[in-house]
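Just a sequence and a predicted model for now, questions to come.
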Amino acid sequence: MQDIRVAAISINSPLDSGHGMLETVEQWTQKAVEEGAEFCVFPELQIFGHCNPATWDLAESVPGGEATQGCIEIARRHNVTICIGISEKEDDIVFNTQFLVGPDGYIGKQRKIHLSRDEVLFYKGGRELPVFNIGKCKVGMIICYDNQFPELARILALRGADLLVMPHAARIKMWDETPESMAEARQDTHRYFTSCYAQRARENACFAVIANQAGRAGYVDTYPTDSPNQPHHCGAAIVFGPDGECLASSQQDIIQDEMVVVDLKQEQLAAERSLPNYTLKTRRPELYDELVKEQVKW
């Protein structure tokens, strides 16, 4: 790994934005690059939105689709690497996909493996866990609910990941328009991410970057307006170091579009991985075979 400056970008994805979202992506990419960012991380399903009733019609090929090609052009114009989520269609099957592009073109993709709640109505689960070299570091992507399965982060670390990207469209808490309700939702979301995913970074000695969608994406007629399944997301942009400490975090009072930009240092990664108790050196995989056996029958 080499030192790299990363932007975690937490923004809304209105359900009716379509390919117009690419304009928003470029605006935020430009803001990040102006602050020196070399790698921009956008949320899960940033393109076409989260659990959009029109998902099947909107979903398109990755990398052949218009959205992927548009992101490649943005990456080229700004000389930056971009990680962003989309509904991907292949052979009439739709996946919740996060892909990577850079100035030289398409790099790769990760399909969400474990589907949460109503996502099973829209998507098929992926079956691969690749690690991608983006030049200055190696990246593994773990999409939203997939982060609840610590085995995925461990596998990516074993496959050489320096940085775990954790894009979200997390519906953690509902809120009304009062400042108190909004602040409570933001704070609960921050506590959730910190309590869960700081440990993913620490136990694998990897950097971790979280980018959650922010705001009300719209209303889905299938659900009551006050349903927790509505695509309403509390936001959050957080970066953890390989020791599990928070390197940068968005504010916790207002749900709004925002980003954090932070330097990830090779020296810190090397220091954590040189410790005598670095878990990837001391683990005993001969005892863990139950992790890959059949599902537990309760």
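Sure thing, it's come through.

quick one, strands of the chain?
For the chain, the strands defined by DSSP state E occupy 4-10, 39-41, 81-90, 93-102, 105-111, 131-133, 138-141, 163-168, 207-216, 232-240, 246-249, 258-264.

Of all those, which one is nearest residue 118?
strand 93-102 (11.9 Å; CB to CB). C-beta coordinates here come from the backbone N, C-alpha and C atoms, glycine included.

Buried residues, the closest one. List them.
Under the neighbour-count criterion of 16 or more other CB atoms under 10 Å, strand 93-102 has 94, 95, 96, 97, 98, 99, 100, 101, 102 buried.

Which of those sits closest to residue 147?
residue 98 (12.2 Å).

And the closest one, what's its pLDDT?
Residue 98 is assigned 99 on the pLDDT scale.

show me what contacts it?
44, 83, 84, 85, 86, 109, 110, 112, 141, 143, 165, 167 (CB atoms under 8 Å, 6 or more residues apart in numbering).

How about the contacts made by the second one?
Which is residue 83. Contact analysis of residue 83 by CB under 8 Å, 6+ apart lists 39, 40, 41, 42, 98, 99, 100, 139, 141, 165, 167.

could I get the contacts of residue 98 as CSV with pLDDT and distance to residue 32?
Shown next, in CSV, are these (pLDDT from 0 to 100; distance: CB to CB, whole Å):
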residue, pLDDT, distance to residue 32
44, 98, 18
83, 99, 12
84, 99, 12
85, 99, 17
86, 99, 19
109, 99, 21
110, 99, 21
112, 98, 24
141, 99, 18
143, 98, 21
165, 99, 15
167, 98, 15
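
any chance of those residues in CSV, with distance to residue 34 too?
Shown next, in CSV, are those (distance: CB to CB, whole Å):
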residue, distance to residue 34
44, 25
83, 19
84, 19
85, 23
86, 25
109, 27
110, 28
112, 31
141, 25
143, 28
165, 22
167, 22
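
Counting neighbours, which of the residues you listed end up buried?
44, 83, 84, 85, 86, 109, 110, 112, 141, 143, 165, 167.

now, which of these sits nearest residue 130?
Distances from residue 130 to those, taken by CB to CB, are shortest for residue 110, at 6.7 Å.

I figured the closest one hits residue 130, correct?
Yes: counting by CB atoms under 8 Å, residue 110 touches residue 130, with 6.7 Å between them.

can you give me phi and psi for the closest residue to residue 96 other than its chain neighbours?
Nearest non-adjacent residue to residue 96, counting by CB to CB, 6 or more residues apart in numbering: residue 112, 3.9 Å away. With angles defined as degrees, to the nearest 10, residue 112 sits at phi -60, psi 140.
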